[in-house]
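> missing the sequence, but the structure's below:
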């Protein structure tokens, strides 16, 4: 699916330039289109993010 590759390219570009570290997930009601982890969960210890990494949402949830 070309759409999934476009999404992957956007996340990869941002991660390459250290503008994004986390997990990207894009899905429809039927299926997951894209899911991948980027960067580090802990940079000091060089622990990479995974799809199972838990993130502290803090006040970002105020938007919702």
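Received, thanks. Note that the structure is a prediction, hence the values are computed from the model and not measured.
> residues contacting the most centrally placed residue in the chain?
For the chain, the residue nearest the mean C-alpha position is residue 23 (2.0 Å; CA atoms, centre = their mean). Counting by CB atoms under 8 Å, 6 or more residues apart in numbering, residue 23 makes contact with 35-38, 49, 51, 53, 55. Yep, even glycine has a C-beta here, placed from its N, CA and C like the rest.
> give the buried subset of these as a PyMOL selection command.
Typed into PyMOL, the line below selects the buried ones among the contacts of residue 23, using 16 or more other CB atoms under 10 Å:
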select buried, resi 36+37+38+49
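> least confident pick among the contacts of residue 23?
On pLDDT alone, residue 55 ranks lowest of the contacts of residue 23, at 84.
> how close does the nearest residue to that residue once chain neighbours are set aside get to residue 30?
Excluding the flanking residues, the one nearest residue 55 by CB to CB, 6 or more residues apart in numbering is residue 22, at 6.8 Å. Distance, residue 22 to residue 30, using CB to CB, to the nearest Å: 24 Å.
> do residue 15 as well
For residue 15, the distance to residue 30 equals 27 Å [CB to CB].
> neighbour count winner among these two?
Under the neighbour definition other CB atoms under 10 Å, residue 15 and residue 30 were set side by side, and residue 15 has more, 18 against 6.
> quick one: residue 14 is in a strand?
No: going by DSSP: H, G, I helix; E, B strand; the rest coil, the assignment for residue 14 is helix, not a strand.
> I'd guessed it sits against residue 20; true?
Yes: at 3.8 Å, residue 14 counts as touching residue 20 under the criterion of CB atoms under 8 Å.
> joint contacts of the two?
With CB under 8 Å, 6+ apart, residue 14 and residue 20 have common neighbours residue 38.
> chain center to stretch 13-28, what's the gap?
4 Å (CA atoms, centre = their mean, to the nearest Å).
> hang on, I meant stretch 30-46
Taking mean C-alpha positions (CA atoms, centre = their mean), stretch 30-46 and its chain are 5 Å apart.
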